[in-house]
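In: need coordinates for the following:
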Amino acid sequence: MTGASHGIATGLSRRGQAFWLPYGGWGNGLPAKAWVPIAEVVGDHAATLVLAALRDADVPAYAARLHPSRTRGHRAASRPHVGIWVGASSYGTAEALLLALIPAIGEALQQPILP
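Out: Alright, predicted model coming up:
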């Protein structure tokens, strides 16, 4: 059994970061070996602000627009839903930061950023 699971793990690691994350997104420049979804925000600008704040806290992060069928309810084309992923080993730090950060970004942009 170990041989089969080792082969799968090796194959996954060769595919690199793009394998774990949706195509067409953008990151904050920090690498991670594994990624987990943490939030969904409304708007590319809000997502970029979240990524910058996470970078400042040394949390790897990535954002990508979500396919319309993956978003809840209706969405305006001008304000797409954007998924946020973080490095798995930094999830706790990211969660604590986002609890304070989301309301502050919403106030700065003068609009809610959560769907």
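
In: V86 pairs with what?
Out: Beta-bridge pairing for V86 (DSSP bridges): V36, A61.

In: ok, it - contacts?
Out: 32, 35-36, 38, 54, 59-62, 94 (C-beta atoms under 8 Å, 6 or more residues apart in numbering). No exception for glycine: its C-beta is placed from N, CA and C like everyone else's.

In: next: P112.
Out: 42, 106.

In: go on, L49?
Out: By C-beta under 8 Å, 6+ apart, the neighbours of L49 are 105, 108-109.

In: what's the longest helix along the chain in contact with?
Out: The residue-count maximum for a helix in the chain (DSSP state H) belongs to helix 91-109. Where contact means C-beta under 8 Å, 6+ apart, the residues beyond helix 91-109 that reach it are 36, 38-39, 41, 43, 45-46, 49-50, 53-54, 57-59, 61, 86, 112-114.

In: what ranges does the chain have for its helices?
Out: 2-15, 17-20, 44-56, 91-109.

In: would you agree P22 is in contact with A64?
Out: Yes. With contacts counted by C-beta atoms under 8 Å, P22 reaches A64, the gap being 4.0 Å.
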